[in-house]
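Q: Any chance you could fold what I've pasted below:
(2 chains)
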Amino acid sequence: MKLLVILGLLALGTLVSSDGSAEEQFKVEEENVARILASKLIQNKYLVEGLDVVVRYSLYNVGTAAALRVRVQDAGFGPFDFKPVSGLVNFQLDRLAPGANASHTVVLRPLKYGYFNFTAAQVSYLASETATEETVGFTSEPGEGGIVAFRDYDKKFSPHLLDWVVFAVMTLPSLGIPFMLWYSSKSKYDAVIREKRAESGKKRE
Amino acid sequence: MAQVCLFYFSESNFFNMNMVHILLIFGLIGASLASDACQNPQIKAESYTSQDATIVTNIAYIATFSLTCANGVTGVSLYAAIGDRLVPVARSADGATYQVSWTEEVAKATTGDHAIGLYDDVGYAAVRKAQRSDEPISSVKPMATIIINHPVSRV
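A: Below you'll find the model as predicted:
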């Protein structure tokens, strides 16, 4: 019985100590290291073929040291799928201070319609001034988006000015012909009335 | 007496040598600082703003520019004053093109000219000092200014 109790206590002891050592084993010693959180967001309500797609990269340094030579490379916008309008798709920041955030915006135009998978961009940086190896990570991934064909978008959203002008021209006959008929009979009636008044005036004299 | 004179002479000589060394060091530091700073910066800028507000949630304001220094310095780190913050300016991989950009919500987007002040490392330190004494960023003269014009947001 005593042996059992002692064995039990020993087992408990080893369990507790092993948990402690496991924690210590997996505890990461981080002193004065930069950590960058990066997000890539598409700032669009609609993705339309041939119209602007605004992509915003946000970098946030949550570490305690400045991140040096922060490089973002995005290979997700191939030349056959997107046309660059403004902004650098691959860029670098010399220094991102601890606790600071930076954002970078790019405008592109899709060349084709259909479903497109917006992938993550790669971020690499030196986590401290003494670091020799780059820390590599990825931004968030916007995911799959449907790029609408320009014809469909235009049908729904354009002001259709030409269509309205054509409609006005087409309704002119159905309004104009009755008007012309009425006007010609009115002008004839006015002429008859004028003659009768003139005759009655002469008779009084 | 002669010994005292000799002592004084050598002491003053020692001070002279020290002063010369100090002056040389300061001179070198000054020269190196001056050579790192961009002299007479020339900027060639292109700007773009997204004008179709129906399809985007945030209007993008982007200015890409190249910087040429009279003293041939390249790879200068720049900071841009956007709003009341200084943000680091992004550079292309070859360092030849810089980009300043930000986004604003469609409802809050402002039209017209937006003047963005650019600061190098020295200017950045001056701005941080001004911010610590609660002065606006505009109290520090920027190295250069670029203007982004947003004509209209068509909804």
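Q: Every contact and neighbour count from this point should use C-alpha atoms.
A: Will do.
Q: Show me the strands in chain A, by range?
A: For chain A, strands defined by DSSP state E occupy the ranges A:36-42, A:47-48, A:53-61, A:67-73, A:82-86, A:91-96, A:101-110, A:114-118, A:122-126, A:135-138, A:143-148.
Q: so the last one versus strand A:114-118, what angle?
A: Here strand A:143-148 points in a direction 150 degrees away from that of strand A:114-118 (axes from the mean of the first three to the mean of the last three C-alpha atoms, to 10 degrees).
Q: Name every strand pairing with strand A:143-148 and say which way it goes.
A: Paired with strand A:143-148 in the same sheet, following DSSP bridges, are strand A:47-48 (parallel), strand A:114-118 (antiparallel).
Q: Low-confidence ranges, chain B, go.
A: Counting by pLDDT under 70, the ranges of chain B that qualify are B:1-36.
Q: One more: chain A?
A: A:11-30.
Q: closest point of it to chain B, which residue?
A: Among the residues of chain A, A:Asn44 lies closest to chain B, at 4.0 Å counting by C-alpha to the nearest C-alpha.
Q: May I ask you to confirm that that residue is in contact with B:Asp52?
A: No - A:Asn44 lies out of contact with B:Asp52 (C-alpha atoms under 8 Å); the separation is 10.6 Å.
Q: Now mean neighbour count too, for the strands paired with strand A:143-148, in a markdown table please.
A: Formatted as a markdown table, the strands paired with strand A:143-148 follow (neighbours: other C-alpha atoms under 10 Å in any protein chain shown):
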| stretch | mean neighbour count |
| --- | --- |
| strand A:47-48 | 25 |
| strand A:114-118 | 14 |
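Q: Chain A contacts on chain B?
A: Proximity of chain B to chain A, by C-alpha under 8 Å from any C-alpha of the partner chain, involves residues B:48, B:50, B:52, B:54-64, B:77, B:87-93, B:99-103.
Q: Could I have the ChimeraX command that selects the buried members from those?
A: Selection of buried members from these for ChimeraX, criterion 16 or more other C-alpha atoms under 10 Å in any protein chain shown:
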select /B:48,50,55,56,57,58,59,60,61,62,63,64,77,87,88,89,90,91,92,93,99,100,101,102,103
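Q: count of residues packed around B:Ile82?
A: 17 (other C-alpha atoms under 10 Å in any protein chain shown).
Q: And A:Ala66, by the same measure?
A: 24.
Q: gap between it and A:Asp190?
A: The gap separating A:Ala66 from A:Asp190 is 93 Å, by C-alpha to C-alpha, to the nearest Å.
Q: for A:Glu141, same thing?
A: Using C-alpha to C-alpha, A:Glu141 is found at 79 Å from A:Asp190.
Q: So between the two, which is more surrounded?
A: Ranked by neighbour count (other C-alpha under 10 Å), A:Glu141 and A:Asp190 place A:Glu141 first, with 15 against 12.
Q: any idea what sits nearest that one, other than its immediate chain neighbours?
A: Computed as C-alpha to C-alpha, 6 or more residues apart in numbering or on different chains, the closest residue to A:Glu141 that is not its neighbour in sequence is A:Ala120, at 4.5 Å.
Q: show me what contacts the one you found?
A: Applying C-alpha atoms under 8 Å, 6 or more residues apart in numbering or on different chains, we find A:Ala120 in contact with A:40, A:74, A:76, A:138-142.
Q: Could you rerun that using 10 Å?
A: A:38-41, A:73-76, A:137-143 (C-alpha atoms under 10 Å, 6 or more residues apart in numbering or on different chains).
Q: Distance of B:Pro41 relative to B:Asp52?
A: For B:Pro41, the distance to B:Asp52 - C-alpha to C-alpha - is 34 Å.
Q: I meant to write B:Gly123 there.
A: Taking C-alpha to C-alpha, one finds B:Gly123 at 36 Å from B:Asp52.
Q: before we move on, what about A:Leu96?
A: From A:Leu96 to B:Asp52 the distance is 32 Å (C-alpha to C-alpha).
Q: what's the answer for A:Val136, then?
A: Separation of A:Val136 from B:Asp52 (C-alpha to C-alpha): 36 Å.
Q: same question, A:Lys156
A: 15 Å.
Q: repeat for A:Tyr46
A: For A:Tyr46, the distance to B:Asp52 (C-alpha to C-alpha) stands at 11 Å.
Q: Domain boundaries for chain B, per the record?
A: Structural domains annotated on chain B: B:8-37, B:38-150, as defined by automatic domain parsing.
Q: most tightly surrounded among those domains?
A: domain B:38-150 (a mean of 18; mean count of other C-alpha atoms under 10 Å in any protein chain shown).
Q: what's the first-to-last distance across it?
A: Distance between the two ends of domain B:38-150: 29 Å, counting by C-alpha to C-alpha.
Q: residue of chain B with the smallest distance to chain A?
A: Closest point on chain B to chain A, by C-alpha to the nearest C-alpha, is B:Val56, at 4.0 Å.
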